[in-house]
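# Provided below for reference: sequence and predicted model.
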Amino acid sequence: MAELVMVHGIGPEDETEEQLRTDWVRALTRTLRENGRQEQADRLHEGSTSVAMAHYRSLFAPYVPQDDWDMPFPEQMALTSEAVGENIMDNIHRHASDPLDSAEAARELSELRTEIGPEQGPYAPVRLVVAMLGRLGPIARSGFAALSSTGVFHLGQVAAYLDDESVREGAIESVLSRVTGDTKAVIAHSLGTVVAYEALHRLDRPLPLLVTFGSPLGLRSVIRERLRPQPLRTPDQLKRWVNIADRDDYIVSTLRLRTLFPETDDVLERTHMVKNANGNPHAALEYLKHWETVAPLAQVL
């Protein structure tokens, strides 16, 4: 019976549903108050506005590395992880605000394409990609790949969603089970935007609003070609879609998501740009500090 459904992205496997829900609600409440929406903030804080977190982190438990050398997934998932990592490097190269970050990513991409060969097998390239990601400015500052096992697991979560049908269906069900006739908005971050996109295509009732931020929906060689359904289109029951991006967010694949959808699409709006803290441009809580992210919610809740 939630009026607001939240969908998390990649992250630690032990980060609980209640922890994520509490953190997101606190951030939303603060942003509402800072922008003169005291009554809405109070309703959210006190629970008068019902909120649910679609939580699916437990589905990734089989793919948690035990140490920096563990590669706990099959070959196809390793290949997908490598491709996701290469796409992330390309994202930084194409739209980083700092020319030095962009140039560094270009050098790493060139080195990666030189060093990876079929004789290495499917797992060595993933380790190489994680090591290279850890050297790139935006990622090194965020700690995304500070440890090899952490970087492998983060890439592996995207690969698991794409390659393990039980993970995919479980994540989609975590969204659909929380969206009811009372739901006015879904907000989604990172991999959660992919889960929400696919889930809402199965929705059998109108949904007023979807807000996505830090979205990899346009990753060229991985996600864009494997999203369901194809070709890309707005979910039929969705009335408004607002997308938020930081150009230094290494997961964000395109700053112009609307160009990937049909020209006749009048539901998905032009992407709103924000500037998150330099330390972690991909963090959900950074996005929730911006009025651009929260204003659409204030209009419907």
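Thanks, I have it.
# which stretches of the chain form helices?
Using DSSP state H, the helices of the chain run over 17-34, 38-46, 75-95, 99-115, 124-135, 137-142, 148-163, 165-176, 191-200, 223-226, 284-287, 291-300.
# quick one: closest of those to M6.
Judged by CB to CB, the one of the helices of the chain that comes nearest to M6 is helix 17-34, at 5.3 Å. For every residue, glycine as well, the C-beta is placed using N, CA and C.
# and the closest one, what does it pack onto?
Helix 17-34 sits against strand 4-7, helix 38-46, strand 51-54, helix 284-287, helix 291-300, with contacts defined as 3 or more CB pairs under 8 Å, 6 or more residues apart in numbering; DSSP states H and E.
# buried deepest among these, which one?
Burial of these is given as mean neighbour count (mean count of other CB atoms under 10 Å); strand 4-7 ranks first at a mean of 28.
# so who does the closest residue to D14 other than its chain neighbours touch?
The spatially closest residue to D14, leaving aside those adjacent along the chain, is R57, at 7.7 Å (CB to CB, 6 or more residues apart in numbering). Going by CB atoms under 8 Å, 6 or more residues apart in numbering, R57 touches 8, 11-15.
# include neighbour count when you put these into TSV, please.
Shown next, in TSV, are the contacts of R57 (neighbours: other CB atoms under 10 Å):
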residue	neighbour count
H8	24
G11	19
P12	13
E13	13
D14	10
E15	13
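# now for these: which two are most distant?
Across the contacts of R57 (CB to CB), the longest gap, 13.0 Å, separates H8 and D14.
# do you know which of the helices of the chain lies nearest R247?
The stretch from those with the least distance to R247 (CB to CB) is helix 75-95; that distance is 4.8 Å.
# so which elements touch that closest one?
helix 99-115, helix 124-135, helix 137-142, helix 148-163.
# and the last one, what does it pack against?
So the one you mean is helix 148-163. Other helices and strands packing on helix 148-163, by 3+ CB pairs under 8 Å, 6+ apart, are helix 75-95, helix 124-135, helix 165-176, helix 191-200, helix 223-226.
# and that helix, average pLDDT?
Average pLDDT, helix 148-163: 87.
# helix 191-200 and that helix, what's the angle between them?
Here helix 148-163 runs at an angle of 10 degrees relative to helix 191-200 (axes from the mean of the first three to the mean of the last three CA atoms, to 10 degrees).
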